[in-house]
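Chemist: Here's my sequence, what's the structure:
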Amino acid sequence: MIFVLVALAAFTAGFINAVAGGGSFLTFPALIAAGLPPIDANASSTVALFPGQIATGYAARDGLAEAAADSRVNVIALGAISLAGGLIGGLLLLVTPQTVFSRIVPWLILFATSIFAAGSFLRPGAKKFKLNRTGIFAAQGLVAIYGGYFGGGAGILMLAALILFGLCDIWLMNSLKILLAVLMNAAAVVTFIIAGLVHWQWTIVAAVGAIAGGYAGVHAARRVPAQIVKSFVVAVGLVLTVYFFMKPG
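Modeler: Model (predicted):
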């Protein structure tokens, strides 16, 4: 039964990632329900969702070409920062005790849910400040560290930073976000595999489900209103926040 739960959660996560993002809100608790310790569940979730992110990045290659051609965007520098930040975040997770990580999980989910909700439903108002090139590099470094450590809501944080940097083409921004997410997660994935945190039996089940869900999500993206999916992600995030705050230990 638990295999079905993990596979279904991963399928839904892949679907959500293809349409709106936030799929780790489902795979992470599903792997905990399967009996994995929180840090191992986080690492296994990251590895399981990674193949689908690569496929999505390939699908967004036209947007990446546009980003590379934009004189305002230093794709190579942002990519290098993402790799380094993802590695740092992954290493930070390795040195975090399970008990400490268990205590901060609800705060991480609450933070990620809040960022996701704000980025999904709040209309951008007048910009009180902008990020210059140094600012966007620093912001991406912090987001990459967070992404390597936990990851939930990292995509929304990247989009917010790119908007403050002055970009407005959503296709270009989303394509760039996908590439940077792949790079930061690649560093984290390698770190988690070398550290032996990945539970391959569950990870493979989740990866297959996520790939299938992503394939279905790509075809459904034009039919399912994104706001409905985003509302579902926020609702799941709020439920998980309450659950992990109330969960003993």
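
Chemist: Low-confidence ranges, this structure, go.
Modeler: Along the chain, segments meeting pLDDT under 70 span 19-21, 119-129, 170-171, 218, 221-222, 224, 226, 229, 248-249.

Chemist: neighbouring contacts of stretch 153-170?
Modeler: 21-22, 66, 70, 72-73, 111-116, 118-120, 124, 127, 129-132, 135-136, 139-140, 143-144, 146-147, 173-174, 176-177, 180-181, 184 (C-beta atoms under 8 Å, 6 or more residues apart in numbering). Every C-beta, even on glycine, is put in place using the N, C-alpha and C of the backbone.

Chemist: Got phi/psi on Gly153?
Modeler: phi 80, psi 0 (degrees, to the nearest 10).

Chemist: Helix or strand: which one has the nearest residue to it once chain neighbours are set aside?
Modeler: Ranked by C-beta to C-beta, 6 or more residues apart in numbering and with sequence neighbours excluded, the top spatial neighbour of Gly153 is Ala112, at 3.2 Å. Using DSSP states H and E, Ala112 maps to helix 98-121.

Chemist: Report the angle between the very next helix or strand once past that helix and helix 98-121.
Modeler: Counting by DSSP H and E, the next helix or strand C-terminal to helix 98-121 is helix 133-149. On the basis of axes from the mean of the first three to the mean of the last three C-alpha atoms, to 10 degrees, helix 133-149 is oriented at 130 degrees to helix 98-121.

Chemist: mind listing what's buried in helix 133-149?
Modeler: Using 16 or more other C-beta atoms under 10 Å as the test for burial, helix 133-149 gives Ile136, Phe137, Ala139, Gln140, Gly141, Val143, Ala144, Ile145, Tyr146, Gly147, Gly148, Tyr149.

Chemist: I'd like the next helix or strand past it.
Modeler: Past helix 133-149, the next helix or strand by DSSP H and E is helix 154-165.

Chemist: Can you dump the C-alpha atoms of that next one in CSV for me?
Modeler: Extracted as CSV, the C-alpha positions of helix 154-165 are listed here (Å, rounded to 0.1, in the frame of the first residue of the first chain):
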residue,chain,number,x,y,z
ALA,A,154,13.2,27.8,-4.6
GLY,A,155,11.8,28.4,-8.1
ILE,A,156,9.5,31.1,-6.8
LEU,A,157,12.4,32.8,-5.1
MET,A,158,14.4,32.7,-8.3
LEU,A,159,11.5,34.2,-10.3
ALA,A,160,11.1,37.0,-7.7
ALA,A,161,14.8,37.8,-7.9
LEU,A,162,14.8,37.9,-11.7
ILE,A,163,11.7,40.3,-11.7
LEU,A,164,13.6,42.6,-9.3
PHE,A,165,16.6,42.4,-11.6
